[in-house]
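> Got a sequence here, can you build the structure:
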Amino acid sequence: MPVATPKVGASAVGRLYSAVMTGHEIRTMFLEFFERHEHRVVKSSPLLPANDPTLLFANAGMNQFKDVFTGQESRDYSRAATSQKCVRAGGKHNDLDEVGKTARHHTFFEMLGNFSFGDYFKEDAIQFAWDLLVNDMEARPRASLVLGLRGQRERPGR
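Next up, the predicted model:
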């Protein structure tokens with residue numbers, strides 16, 4: 001799997017969350033944050049998955065890690081961060097009819113993701129997200145609404 005060079009770009013850390021940020025600044029801030037927290041920055045996989053006949057296009061950040069999650073492949077790292085190029089082309093959660101009607105629905109987009117392959121679970125994932133938003137992006141905690149989904153409390157396989 002292709003791996004990005006260690007330095008993602010000029011650091012955007014310290015930028016006020018309320019300020020207008022470019023996509024490049026958000027992407028850089030995200031990837032640098034997770035790189036500082038021992039995640040391997042992995043390049044976006046191709047839009048046309050080479051070895052997955054179940055996908056016509058990459059539609060999620062986790063697509064390139066599917067074989068890792070199913071136990072068919074292992075990597076030399078247990079944490080990853082990506083900025084995956086994706087195409088919205090229908091499927092289970094098809095909202096193609098909404099493309100172009102709102103600022104949230106696009107046909108081509110990048111999905112930022114952080115992944116753990118048996119290293120950490122929900123509690124740490126939530127802490128990473130909070131640290132990124134509050135400490136690096138300077139989001140105001142009192143202006144944030146945190147929601148949780150009840151369900152699996154233990155790390156799978158334990």
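> mind showing which ranges of the protein have poor pLDDT?
Counting by pLDDT under 70, the ranges of the chain that qualify are 1-19, 89-96, 98, 103-106, 152-158.
> go with 80
Where the chain drops to pLDDT under 80, the residues are 1-20, 88-107, 146-158.
> Tell me which residue is most central in it.
Gly113 (0.9 Å; CA atoms, centre = their mean).
> quick check, it in a helix?
No. The assignment for Gly113 (DSSP: H, G, I helix; E, B strand; the rest coil) gives strand, which keeps it out of a helix.
> how close does it get to Pro141?
Noted for Gly113: a distance of 23 Å to Pro141, by CB to CB, to the nearest Å. Every C-beta, even on glycine, is put in place using the N, C-alpha and C of the backbone.
> so where do the strands sit in this protein?
When assigned using DSSP state E, the strands of the chain occupy the ranges 40-42, 79-87, 108-116.
> picking that back up, for the residue nearest to the centre of the chain, give the beta-bridge partners.
In this structure, Gly113 bridges to Thr82 when assessed by DSSP bridges.
> I figured it hits Met62, correct?
Yes. The pair Gly113 / Met62 is scored as a contact, 6.5 Å apart, by CB atoms under 8 Å.
> Common neighbours of those two, please.
Residues touching both Gly113 and Met62 (CB atoms under 8 Å, 6 or more residues apart in numbering): none.
> sorry, back to before: quick one: the strands of the chain as CSV, columns for distance to Ile26 too.
Formatted as CSV, these follow (distance: least, CB to CB, whole Å):
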stretch, distance to Ile26
strand 40-42, 15
strand 79-87, 9
strand 108-116, 8
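> quick one, which of those strands is nearest to Gly71?
strand 108-116 (14.7 Å; CB to CB).
> tell me what the closest one is packed against?
helix 23-36, strand 79-87, helix 122-130 (3 or more CB pairs under 8 Å, 6 or more residues apart in numbering; DSSP states H and E).
> ok, back up a step: what's near enough to touch the residue nearest to the centre of the chain?
61-62, 81-82, 84.
> Share the number of residues neighbouring His39, please.
Other residues lying near His39 total 21 when counted by other CB atoms under 10 Å.
> my bad, Arg40
Arg40: 19 surrounding residues under other CB under 10 Å.
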